[in-house]
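Trainee: quick one: sequence and predicted model below, then my questions.
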Amino acid sequence: MQTVTLAQSRGDLEHLARHMTDLMHKVLRPGFGEKAADWTPAIDVCESDDHYEVIVELAGVRRDDIEVYTERGHLVVTGWRHDPTSPKKVCWHQMEIEEGQFRRRIALPPSVDETKIAARFRDGLLRIRIPKR
Amino acid sequence: MALIPWRGRTMPAATLSSLRDEMNNLLNRFWSNTNEPFGLAEWAPALDVSESGDAVLVHAEIPGIDPKEIEISVVGDTLTIRGEKKDETEQKGRNYHRVERRYGAFTRSLALPASVHPDQVTATARQGVLEIRLPKREEAKARRIEIKGL
């Protein structure tokens, strides 16, 4: 059996305690477990008399790859953009269209009716209509 | 005066060539938007340029733009795309809280990586992405060479 002095084992315990604290901080941090997004689409938010509209630029994203939901007073738009180019390409020359996971989260004003939010997607633009109460 | 390390006889040449690179970079940046010399363009669409065995493919991000209003031209080895993203923010009765999208007219030109047939260029738009297909000329196509063995 290996003999360990008291001083050494106390050092190890302190080390372990520090690690546990770090780990707890990481887990309890808001957003833990969410993968960081690969890119961030541009959005406009505008207000009319009876509704708000959120417009998200999602060129080249398939409709089935977009998810819109509300969560604790926030509107979340998330999804995935696949490489829009041909799989038969032999080489790249320029790569500016970002691909991968995207995610936007915006706070909703308190005066909206979350149950009546509607979204439509056309020509790469996602328009989310949020009626006021 | 600052001390300059002695790097033998290569020193002045190396310094000059790095200065030349700096100047080239500066000029390239300055003239990069050739049709809008002084950076007047508000925005330009992001482009992917790739190449398959028989064509050069250009993809442009044009969300919300009617593809019919986009003008594509090929002159020599230069492709030019022009269009306009209509500014919605000017509409009456709408109060904007956040404007991240860019609006206005754009022009983008690029040197094609291979010589193409300008009369066989086709373009299709899907979900806000414009795909321009430029078939390569015969001499620019990849040719597979068979390896003969015994």
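Mentor: Yep, it's here. Numbers count the residues shown, from 1 in each chain, chains lettered A, B, ... in the order given.
Trainee: what residue in chain A comes nearest to chain B?
Mentor: With Cβ to the nearest Cβ, the shortest gap between chain A and chain B falls at residue A:124, namely 1.6 Å. Bear in mind the C-beta positions are built from the backbone N, C-alpha and C, glycine included.
Trainee: tell me how far the most centrally placed residue in chain A lies from residue A:78.
Mentor: Of all residues in chain A, the one closest to the mean position by Cα atoms, centre = their mean is residue A:103, 3.2 Å from it. Taking Cβ to Cβ, to the nearest Å as the measure, residue A:103 falls 4 Å from residue A:78.
Trainee: shared neighbours of those two, anything?
Mentor: In terms of Cβ atoms under 8 Å, 6 or more residues apart in numbering or on different chains, residue A:103 and residue A:78 are both contacted by the residues residue A:37.
Trainee: keeping just the C-alphas, turn stretch B:78-87 into PDB.
Mentor: Taking only C-alpha atoms (Å, rounded to 0.1, in the frame of the first residue of the first chain), the coordinates of stretch B:78-87 have been written out as PDB:
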ATOM      1  CA  THR B  78     -15.400  38.200 -65.300                       C
ATOM      2  CA  LEU B  79     -18.800  37.400 -63.800                       C
ATOM      3  CA  THR B  80     -20.900  40.300 -62.600                       C
ATOM      4  CA  ILE B  81     -24.000  40.100 -60.500                       C
ATOM      5  CA  ARG B  82     -26.200  43.200 -59.900                       C
ATOM      6  CA  GLY B  83     -29.400  43.600 -58.000                       C
ATOM      7  CA  GLU B  84     -31.200  45.400 -55.300                       C
ATOM      8  CA  LYS B  85     -32.700  44.400 -51.900                       C
ATOM      9  CA  LYS B  86     -35.700  46.600 -51.400                       C
ATOM     10  CA  ASP B  87     -35.700  48.500 -48.200                       C
END
